[in-house]
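1. how would this look folded up:
(one chain, ligands or ions: 1)
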Amino acid sequence: MHSVVLIPGDGIGPEVTREVVRILEAADAPISWSEARAGIAALNAGEEVLPAQTLRAIERSGLGLKGPCTTPVGTGFASVNVQLRKRLNLYAAVRPVRSLEGVPTRFDGVDLIIIRENTEGLYSGAENRVTDDVVISMKVATESACERIAHWAFRYATQRERKKLAVFHKANIMKMSDGIFIAAAKRVHARDYPNIHYQEMIIDAGCMKLVQDPTQFDMLLLENLYGDVVSDLAAGLVGGLGVVPGANFGDEYAIFEAVHGSAPDIAGKDVANPLALLMSGVMLLNHIARERSDERAAASAERIKTAYNQALRDGCKTRDLGGELGTAAFASAVIERLG
Ligand code: NAI
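-> Below you'll find the predicted structure:
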C-alpha cells in the first residue's frame with residue numbers, strides 16, 4: 001500500500017474528494033489515506049491556514065491528493081495552493097486537456113498537455129504600495145527555474161512520445177522576464193531535445209489559435225500566470241472545469257489536484273462534477289505505477305478510466321455536462337461500471 005495524504009479542501013472539495021476516494025477504493029487502488037487540513041478548513045479547526053503537520057505529512061509520504069482551497073479575493077491570506085507549491089518546490093504543473101467521447105463539444109480529438117511553471121512569475125506575491133495611488137507587483141523570473149521547467153517539459157514530452165511543444169509568451173513587452181523564459185526553452189531544446197518540434201508564440205495570438213483549432217497543439221509550456229489562465233481557457237474547449245485534472249510535481253513530492261477551484265456557488269448542493277478530481281486520482285495511480293513499478297496501481301487506474309468513459313457514453317453526467325446526476329450518483333454510476 002502507498003501512503004497518500006488526502007486534503008479535502010474547501011467548498012466542493014470535501015464532496016468531490018469523498019466520492020473520488022469511494023471510487024478508488026472500489027477499484028482496489030493500493031492506497032492508504034491519511035487526511036490533512038489546509039485552507040479555510042484548517043482555519044475553522046483553529047489551525048494555521050497551511051498547518052505544519054500537513055506539510056510534514058506530505059514530506060513523509062511524498063504524495064498528496066488535494067481538493068481545492070478557497071483564497072480570499074483582494075484581501076486576506078495568501079493562497080494556500082501557491083504556498084504549498086512553493087514550500088514543497090512543486091515547480092511543474094501538468095494539466096492534460098482531452099476530448100471525452102461522451103462529452104460532445106465544438107472540437108473532437110483535443111489532446112493537449114499544458115505545462116505551467118508553478119513557483120515564479122507574478123505569483124511571487126511581492127507587491128508594494130509606492131504611493132497612495134500606485135502599487136507595483138513584481139514578476140520574478142530566474143534563469144535556473146526557467147531552465148528547470150524547460151527541461152522538465154521536454155523530458156515529459158520525450159517520455160510520452162509527444163512531437164511538438166509551443167511556448168506562449170509576451171516577451172515583446174516583458175522583454176526581460178518572459179525573455180529569459182523563452183531563451184531558456186530555446187537553449188534546452190537546441191541542446192538536448194532537437195527532435196521535438198519547438199515553437200514560440202506571442203500569447204494573445206496563441207490564444208486565438210487555440211480557440212480556433214486546439215488540435216493543432218500538442219504540448220504548451222507557459223510561465224505561472226499564463227499557465228493558470230490558459231488551463232481554464234483550454235478546459236472550456238473540452239467540456240469545462242469539471243473534466244480537467246492536474247498534478248504538481250517537484251523532484252521529491254507530487255500533489256494531484258483538479259484545475260478547478262472550490263466553486264462556492266455550487267458547494268454543498270451535490271451537483272459538483274467529481275470527474276476532474278477522479279482523473280487526477282488516475283494520474284496519481286499512474287504515477288505510482290510508473291515510479292514504484294506497481295502493477296496493481298496501473299490496473300486500478302485503467303479500470304477507473306474505462307468505467308468513467310463508459311458512464312459518460314451511457315449518458316451518466318452531472319449538471320455541468322448537461323446531465324442530471326448529482327455528485328454521489330455519478331460516482332455510483334462509475335463504480336457500477338468498474339470491470
Ligand atoms: P472555480 O473553478 O471554483 O469555479 C468556476 C466555475 O466553474 C463556477 O461556476 C463553478 O461552479 C464551476 N465549477 C468548478 N468546478 C466544478 C466542478 N467540479 N463541477 C461543476 N462545476 C464546477 O473558480 P472561482 O469561482 O474563480 O474560484 C473559487 C475559489 O477557488 C477561489 O477562492 C479561488 O481562489 C479558488 N481556487 C482554488 C484552486 C485550487 O485549489 N487549486 C484553483 C482555482 C481557484
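2. OK, contacts around Arg85?
-> Arg85 makes contact with 91, 93, 118-119, 248, 255, according to Cβ atoms under 8 Å, 6 or more residues apart in numbering. Every residue, glycine included, has its C-beta placed from N, CA and C.
3. Now it: which helix or strand?
-> Per DSSP states H and E: Arg85 is located in helix 80-87.
4. so how far is that helix from its chain's centroid?
-> 13 Å (Cα atoms, centre = their mean, to the nearest Å).
5. Tell me which residues of it come out buried.
-> 80-86 (16 or more other Cβ atoms under 10 Å).
6. Which elements pack onto the helix or strand following that helix?
-> Where DSSP H and E defines the elements, the next helix or strand beyond helix 80-87 is strand 92-98. Secondary structure elements in contact with strand 92-98, counted by 3 or more Cβ pairs under 8 Å, 6 or more residues apart in numbering; DSSP states H and E, are strand 111-117, helix 143-159, helix 224-238, strand 247-249, helix 275-291.
7. returning to what we had before: mind telling me the two of the contacts of Arg85 farthest from one another?
-> Thr119 and Ile255 (13.4 Å; Cβ to Cβ).
8. what touches both of those two?
-> Taking Cβ under 8 Å, 6+ apart as the contact definition, Thr119 and Ile255 share the neighbouring residues 85, 90.
9. From the centroid of this protein, which residue is nearest?
-> Nearest to the centroid of the C-alpha atoms of the chain, with distances taken as Cα atoms, centre = their mean, sits Gly246, at 2.5 Å.
10. what's that residue in contact with, if anything?
-> Contacts were defined as Cβ under 8 Å, 6+ apart; by that measure Gly246 touches 93-95, 231, 256-259, 280, 283.
11. can you map out the helices along the stretch 201-339 of the chain?
-> Defined through DSSP state H, counting those that start in this stretch, the helices belonging to the stretch 201-339 of the chain, from first to last, are 203-212, 224-238, 275-291, 295-313, 327-336.
12. Hey, what's the angle from the longest one to helix 275-291? Just curious.
-> Read that as helix 295-313. Between helix 295-313 and helix 275-291, the angle comes out at 150 degrees (axes from the mean of the first three to the mean of the last three Cα atoms, to 10 degrees).
13. can you pull the contacts of Asn172?
-> Listed by Cβ under 8 Å, 6+ apart, the contact set of Asn172 reads Ile202.
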